[in-house]
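Q: Pasting a predicted model and its sequence here:
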Amino acid sequence: MAVRLPRLAYGLMLVAAIALTVTFSSILRNPPASGHIDPGIRSATTPPVTGDLDRIQIGAVGVVEPSSQQISIGTNVSATITDVFVTPGSKVSRGDKLFALDARIAQATLDLRRRDLATAQARLAQARARVPGLQAEVEAARTTVEAAQSDYEEASDLAQIAAALLTGNSITVREATRRKNALRAALARLSEARARVVLAEANLSLFDEVNGGASIALEIAAVEQERGSVSLAETEVELRTVRAPEDGTVLQVNVRPGEFAQASALSVPLIIMGRMTPLYARVDIDEADIARLLPDAAATASLRGAARSRLNLHFVRIEPLVVPKRSLSGQLTERTDTRVLQIIYEIVGDADTLWPGQQLDVLIQNNRQSPTFEPAPTDKVAKRQF
């Protein structure tokens, strides 16, 4: 018994036969040119395509910045702001006032230290005033020694006479004894007078400023210590007034009277300033372009929105550290995976229309001659000298 196939099966078999016939016909009409297929990968020994590399430019992005870079002004002490002396755009000189902090406690401390200094100076003057009196005491003690010396010599003579008369019974034993006692008393008074001279000279030496008297030296040291305290208090008062570290222009003011200024590294500086003449451009060179970079090559820049206006750039320096690229979106912590080499250029010409923080499109001419593609010696490594 024969099995009948449905009409659909016959149709599918007919379509498959037609497709197979078309495929074989196409292969016969277009045979392959070679026995292998070129995957598009050039052999390592095949020289790369050479071109006019002298005209290739390096494109980069730069930011306008003051030649002093942005100076973030902070404070050494934390206190409430009482006065702000500048506004954005103000031109300041080194030492000009920027803003002031509450200095009442520091000023009171300074006044106290000055009074302590006055007291120490008064004690020093009092010590110096004692010198003439002590000198007089020394002179009086020396005079007393002379008087005691005379009494001692008189008593000694009388004692010797008494000893001579005693042998001839011309004087009584009692009188001879009395004269010996008088001699001993005169000797004691002479010793006491001499001791008083030593004491007076010792007291005078304590105040002898020429020879470094201890009491005077102590008072002088106390005065110097109080002067140091006054100087420290004056510095504390001076720190309450924040001044410009150098000549420049105030770019941003983020302080107001009544606000509290924190003495620490702030994400938003209290005041930003910088030297606006000349202006610099900080250009980020992608690490893929570093090998083709010649720092002293001609470079130009254009502002965003004014591509036809070109600015000449003059090479200043390279910051020789390849760093992760910071995104120019305004976020301080935002970074990309690209690493860049930063080059500083001076903006030549009329830069009055430029403002710090503006982005620039930079083109750096590559004046390097075409490479010869010879392999480098294994024992030498080419180094770029900046």
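A: Nice, thanks for sending it over.

Q: Relative to Val242, how far out is Ala195?
A: Distance from Ala195 to Val242, counting by CB to CB, to the nearest Å: 65 Å. Placement of C-beta: from N, CA and C, glycine included.

Q: Please say which of the two ends up with more neighbours.
A: The residue with more neighbours, out of Ala195 and Val242, is Val242; 24 against 12, by other CB atoms under 10 Å.

Q: Let me see the ranges of the strands in this structure.
A: Listed in chain order, the strands of the chain (DSSP state E) span 57-66, 71-73, 79-84, 91-92, 97-101, 241-243, 248-253, 260-261, 271-274, 279-286, 299-303, 306-326, 335-348, 359-365.

Q: Would you tell me which one of those strands is buried the most?
A: Neighbour counts averaged per stretch over these are highest for strand 271-274, at a mean of 23; criterion: mean count of other CB atoms under 10 Å.

Q: got the CA positions of that strand in CSV?
A: Output in CSV follows, covering the C-alpha atoms of strand 271-274 (Å, rounded to 0.1, in the frame of the first residue of the first chain):
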residue,chain,number,x,y,z
ILE,A,271,38.6,83.3,49.1
ILE,A,272,40.3,82.4,45.8
MET,A,273,42.8,84.7,44.2
GLY,A,274,45.6,84.6,41.6
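
Q: Show me what it packs onto, helices and strands only.
A: Judged by 3 or more CB pairs under 8 Å, 6 or more residues apart in numbering; DSSP states H and E, the packing partners of strand 271-274 are strand 71-73, strand 248-253.

Q: again, 10 Å this time
A: Here strand 271-274 touches strand 57-66, strand 71-73, strand 91-92, strand 97-101, strand 248-253, going by 3 or more CB pairs under 10 Å, 6 or more residues apart in numbering; DSSP states H and E.

Q: what's the third one in contact with?
A: So that's strand 91-92. With contacts defined as CB atoms under 10 Å, 6 or more residues apart in numbering, strand 91-92 is touched by 85-86, 98, 243-250, 271, 273, 276.

Q: 8 Å instead, please
A: Applying CB atoms under 8 Å, 6 or more residues apart in numbering, the contact partners of strand 91-92 are 86, 98, 244, 247-250, 273.

Q: can I get those residues in JSON lines with pLDDT?
A: Listed next are the contacts of strand 91-92 as JSON lines, based on pLDDT from 0 to 100:
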{"residue": "Val86", "pLDDT": "95"}
{"residue": "Leu98", "pLDDT": "95"}
{"residue": "Ala244", "pLDDT": "95"}
{"residue": "Asp247", "pLDDT": "94"}
{"residue": "Gly248", "pLDDT": "93"}
{"residue": "Thr249", "pLDDT": "93"}
{"residue": "Val250", "pLDDT": "95"}
{"residue": "Met273", "pLDDT": "94"}
